[in-house]
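Asker: build me a model:
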Amino acid sequence: MKDHLTFIASDELEGRDTPSRGLDIAALYIAQHLASWGVKPGGEDGTYFQKVPLRLEKIEPQNTRFDISGRSYVYGEDFLTTLSPAQISGSSFVFAGHGWVIKSKNINAFQGIDVKDKIIIVVNSLPKGITNGDLKGPPGGDWLSPAFYAQTNGAKAVINFSSFSAMANWKASRWNQAEKGVVDFGTQQSLIKIPTITASPSMTAELFQGEKFSGNNLFNKAMSGETLESFDLKAVKKANISVSVKSENIHTQNVIGLVEGSDAVLKNEYVAVGAHYDHVGMNPFFPGPDKIWNGADDDGSGTVAVMAMAEALANGPKPKRSFLFIWHAGEEKGLWGSEHFTNNPTVPIGSIITGLNIDMIGRYQQPGDENAQNKALPKQGEVFLIGSKLMSTELGEVSEATNKALLNLSFNYKYDDPKDPEQFFYRSDHYNYAKKGIPIIFYMDGSHADYHQVTDSIEKIDFVQMEKVARTIFATGWELANRPTRPKVDKPLPASVGGN
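Answerer: Predicted coordinates:
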């Protein structure tokens with residue numbers, strides 16, 4: 001596993017973003033090894049790959065403009081914008097403070113002002129005393145963001161003041177919008193169709209030139225938590241805005257291998273063992289020398305553990321049922337690969353008797369590590385399990401019994417509740433299998449200081465711990481594949497957590 005992870009988590013794969021050259025290389029690497037081991041293709045058209053459709057959008061800088069009363073501003077220098085195509089002509093401006101509506105808190109930045117056909121300017125901060133935890137339910141219910149309010153009330157666009165973080169990430173944002181591009185999965189559509197524009201400090205200053213408050217004054221008031229009154233800017237100020245977006249249909253891929261079972265009948269049922277092989281990529285403008293998120297634990301560890309299982313099964317005795325090995329793309333973007341597979345399975349979805357998901361199994365609490373964030377890691381010889389008893393009592397019993405008969409790891413069920421504040425049940429690919437009525441087990445090491453950081457690198461992986469967890473998962477799958485009957489679903493997933 002170490003040799004595989006050395007490659008999968010190397011700088012050459014550039015963080016395995018979805019989509020990216022590095023992710024494609026990882027897919028080819030996995031597929032070539034599957035072929036060399038004699039694992040059958042489980043993807044489309046006799047290949048190891050299942051295409052996952054995506055939509056790539058990029059700002060076209062040469063056709064994206066912002067003019068105010070004859071003064072032209074340049075995309076990438078004076079302003080940035082979300083990827084919402086727009087043609088706006090002759091619109092006036094209204095300043096709306098923080099721009100939020102939170103009904104339960106009696107907060108309404110738009111009290112007494114008309115925004116129809118106007119461009120709303122906001123300071124890009126939550127109201128004083130409000131955190132993200134106060135935003136209950138979906139947008140449009142108890143709360144409306146500036147952009148959501150603008151769209152639902154007929155405004156043409158929203159302009160944000162540049163925050164300190166926006167200025168620090170300005171070049172990275174421009175690169176992301178206009179060069180790298182923004183990718184969406186086919187089933188995901190943005191709720192906001194009007195552009196949200198981030199204005200540079202100099203552009204903001206010019207916007208408020210001649211007004212009763214300067215842009216700098218308003219920004220300072222906002223940062224100090226002062227209440228900001230809303231007001232219309234001078235009527236002479238009119239905006240013409242053009243946001244041009246280039247869109248194209250592209251794809252990434254899941255990687256799927258199949259090892260057939262030995263029983264003439266039961267081989268038509270499958271134990272699915274999966275991991276996500278993507279991570280979060282790279283950023284050439286990230287401060288510091290390291291600009292690549294290698295994702296050794298997340299989820300390089302799961303990726304290579306599944307590879308090791310596929311090799312072992314291909315080269316050894318076969319259980320009665322078949323094994324389906326799946327490497328999902330796009331987990332980091334929103335569980336895209338597993339959503340696509342479970343909606344478009346390459347085997348009958350009802351033939352999958354269980355789903356074993358591996359996402360981060362390479363770390364544990366090291367002696368002497370005083371980093372508070374690493375206190376959430378399991379102890380040596382321990383692994384967190386989620387979902388093993390949620391839908392199937394029998395699956396939980398098989399999981400426990402198999403572990404006790406083999407390596408007797410300590411199973412920690414700390415997060416084994418869909419209502420747990422960390423929400424881990426919803427945050428990895430097993431969730432899409434559970435929604436289809438497939439009983440699942442999710443194996444993980446929780447979170448740590450290197451989670452989604454450039455420091456998630458191979459030298460921090462403990463391969464002894466990783467191998468023990470992988471062997472336990474493999475043995476559990478083996479036991480399930482040889483039982484006379486599939487694990488009974490005696491507790492269907494409640495509708496409140498995504499069940500049908």
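
Asker: lowest average confidence, helix or strand, in this structure?
Answerer: helix 164-168 (a mean of 80; mean pLDDT, DSSP states H and E).

Asker: list the contacts of that one.
Answerer: Asn124, Asn160, Ser173, Thr198, Ser200, Pro201, Pro287 (Cβ atoms under 8 Å, 6 or more residues apart in numbering). For every residue, glycine as well, the C-beta is placed using N, CA and C.

Asker: can you give me the strands in the stretch 351-500 of the chain?
Answerer: 352-358, 382-386, 410-412, 440-444 (DSSP state E, counting those that start in this stretch).

Asker: in a markdown table: these, plus distance to Phe208 and mean neighbour count.
Answerer: Below are the strands of the stretch 351-500 of the chain laid out as a markdown table (distance: least, Cβ to Cβ, whole Å; neighbours: other Cβ atoms under 10 Å):
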| stretch | distance to Phe208 | mean neighbour count |
| --- | --- | --- |
| strand 352-358 | 52 | 27 |
| strand 382-386 | 51 | 22 |
| strand 410-412 | 55 | 16 |
| strand 440-444 | 49 | 27 |
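
Asker: got the ones you listed as CSV, with mean pLDDT and distance to Ser10 columns?
Answerer: Below are these laid out as CSV (pLDDT from 0 to 100; distance: least, Cβ to Cβ, whole Å):
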stretch, mean pLDDT, distance to Ser10
strand 352-358, 99, 20
strand 382-386, 99, 26
strand 410-412, 98, 31
strand 440-444, 99, 23
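
Asker: tell me the contacts of Ser190?
Answerer: So Ser190 contacts Ser84, Asp184 (Cβ under 8 Å, 6+ apart).

Asker: in which helix or strand would I find it?
Answerer: Taking DSSP states H and E as the definition, Ser190 sits outside all helices and strands.

Asker: among the contacts of helix 164-168, name the ones in helices.
Answerer: In helices, judged by DSSP state H, the following of the contacts of helix 164-168 are found: Ser173, Pro201.

Asker: out of the contacts of helix 164-168, what pair is the most spread apart?
Answerer: Asn160 and Pro287 (22.1 Å; Cβ to Cβ).

Asker: tell me which of those two has more neighbours.
Answerer: Asn160 (22 against 10; other Cβ atoms under 10 Å).

Asker: pretty sure the more buried one contacts Pro201?
Answerer: No - Asn160 is beyond contact range of Pro201, at 11.9 Å (criterion: Cβ atoms under 8 Å).

Asker: and the longest helix for the protein?
Answerer: helix 463-482.

Asker: mind saving the C-alpha coords of it as PDB?
Answerer: Output in PDB follows, covering the C-alpha atoms of helix 463-482 (Å, rounded to 0.1, in the frame of the first residue of the first chain):
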ATOM      1  CA  PHE A 463       0.800   1.900   7.500                       C
ATOM      2  CA  VAL A 464       0.600  -0.600  10.400                       C
ATOM      3  CA  GLN A 465      -2.700   0.900  11.600                       C
ATOM      4  CA  MET A 466      -3.900   1.300   8.000                       C
ATOM      5  CA  GLU A 467      -3.300  -2.400   7.200                       C
ATOM      6  CA  LYS A 468      -5.100  -3.600  10.300                       C
ATOM      7  CA  VAL A 469      -8.200  -1.600   9.400                       C
ATOM      8  CA  ALA A 470      -8.000  -2.700   5.800                       C
ATOM      9  CA  ARG A 471      -7.700  -6.400   6.800                       C
ATOM     10  CA  THR A 472     -10.700  -6.000   9.100                       C
ATOM     11  CA  ILE A 473     -12.800  -4.400   6.300                       C
ATOM     12  CA  PHE A 474     -11.700  -7.100   3.900                       C
ATOM     13  CA  ALA A 475     -12.700  -9.900   6.300                       C
ATOM     14  CA  THR A 476     -16.000  -8.300   6.900                       C
ATOM     15  CA  GLY A 477     -16.700  -8.200   3.200                       C
ATOM     16  CA  TRP A 478     -15.600 -11.800   2.800                       C
ATOM     17  CA  GLU A 479     -17.900 -12.900   5.600                       C
ATOM     18  CA  LEU A 480     -20.900 -11.100   4.000                       C
ATOM     19  CA  ALA A 481     -20.000 -12.500   0.600                       C
ATOM     20  CA  ASN A 482     -20.200 -16.100   2.000                       C
END
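
Asker: which residues does stretch 5-16 contact?
Answerer: Applying Cβ under 8 Å, 6+ apart, the set of residues contacting stretch 5-16 is 20-23, 25-26, 29, 277-282, 292-296, 300-301, 303-304, 457-458, 461.

Asker: buried ones in it?
Answerer: For stretch 5-16, a neighbour-count test (16 or more other Cβ atoms under 10 Å) marks Leu5, Ile8, Ala9, Ser10, Leu13, Glu14, Gly15, Arg16 as buried.

Asker: quick one: mean pLDDT over it.
Answerer: Averaged across stretch 5-16, the pLDDT comes to 99.

Asker: give me the below-cutoff pLDDT ranges for the chain.
Answerer: 187-189, 496, 500 (pLDDT under 70).

Asker: before we move on, what SS does Ala308 have?
Answerer: What DSSP: H, G, I helix; E, B strand; the rest coil gives for Ala308 is helix.

Asker: state the distance from it to Ser457.
Answerer: 20 Å (Cβ to Cβ, to the nearest Å).

Asker: likewise Glu339?
Answerer: 29 Å.

Asker: Glu211 now?
Answerer: 50 Å.

Asker: what's the burial count for the closest residue to Thr393 other than its chain neighbours?
Answerer: Computed as Cβ to Cβ, 6 or more residues apart in numbering, the closest residue to Thr393 that is not its neighbour in sequence is Asp490, at 5.5 Å. For Asp490, the neighbour count with other Cβ under 10 Å is 11.

Asker: these two touch, right, Asp490 and Ser392?
Answerer: Yes - in terms of Cβ under 8 Å, Asp490 counts as a neighbour of Ser392; the distance is 6.3 Å.

Asker: element containing the closest residue to Asp67 other than its chain neighbours, please.
Answerer: Nearest residue to Asp67 in three dimensions, chain neighbours excluded: Asn240, at 4.5 Å (Cβ to Cβ, 6+ apart). For Asn240, the host element (DSSP H and E) is strand 239-243.

Asker: what's whichever helix or strand comes after that strand packed up against?
Answerer: Once the chain leaves strand 239-243, the next helix or strand it forms, by DSSP H and E, is strand 245-259. The contact analysis (3 or more Cβ pairs under 8 Å, 6 or more residues apart in numbering; DSSP states H and E) places strand 245-259 against helix 21-37, strand 40-41, strand 49-59, helix 302-314, strand 322-328, helix 336-343.

Asker: nearest to Leu207, of these?
Answerer: strand 49-59 (20.9 Å).

Asker: the closest one pairs with which strands, and in what direction?
Answerer: If you go by DSSP bridges, strand 49-59 pairs up with strand 182-185 (antiparallel), strand 245-259 (antiparallel).
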